[in-house]
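# With the input below, show me the fold.
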Amino acid sequence: MKKKFRIVLVIFIVLLFIPVMECYKDGGTVKYNAVLWSITRHHSIAYDLNGNHGYNTGTTVRVLWFDVYNTYPIFEKRGENEY
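Here you go, the predicted model:
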């Protein structure tokens, strides 16, 4: 009985760490979301205040409900010959 409980408990804990991948249609943002953590790789189409085309990029790492690492938004201007 005790051995079965431990096996079920280990399986439950492992399931809390398995992520589900979500892709957004905003320019390439990808989010890996599990119950206990999430990682978001931001890459969305944006404009700056001067009207320049570019992308907002960055990474956000969350553990439980707390931001552990956040570099979003970083605006990257699009090159002139990419149009």
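# Please name every helix or strand in contact with the helix or strand encompassing Gly58.
Per DSSP states H and E: Gly58 is located in strand 53-63. Contacts of strand 53-63 with other secondary structure elements, assessed using 3 or more CB pairs under 8 Å, 6 or more residues apart in numbering; DSSP states H and E, are made with strand 37-47, strand 66-70, strand 74-77. From N, CA and C alone the C-beta is placed, and that goes for glycine too.
# Mind checking those strands for the one nearest to Tyr55?
Of all the helices and strands packed on strand 53-63, strand 74-77 sits nearest to Tyr55, with 5.0 Å by CB to CB.
# what pairs with that closest one, and is each one parallel or antiparallel?
Note on strand 74-77: by DSSP bridges, its sheet partners are strand 53-63 (antiparallel).
# what about the partner strand, average pLDDT?
Confidence over strand 53-63, taken as the mean pLDDT, stands at 93.
# which parts of it are buried?
55-58, 60, 62 (16 or more other CB atoms under 10 Å).
# just to revisit the earlier point, just want the angle from the strand holding Gly58 to strand 66-70.
140 degrees (axes from the mean of the first three to the mean of the last three CA atoms, to 10 degrees).
# ok, and what's touching strand 53-63?
The set of residues that contact strand 53-63 without belonging to it, under CB atoms under 8 Å, 6 or more residues apart in numbering, is 27, 36-48, 67-78.
# Return the members of these classed as buried.
By neighbour count, with 16+ other CB under 10 Å, these hold 38-40, 42-44, 46, 72 as buried.
# ok, those residues vs Val20, which is closest?
Of all the buried ones among the contacts of strand 53-63, the one with the least separation from Val20 (CB to CB) is Ser38, at 9.6 Å.
# quick one: contacts for the closest one?
Contacts of Ser38 (CB under 8 Å, 6+ apart): 19, 31-32, 60-62.
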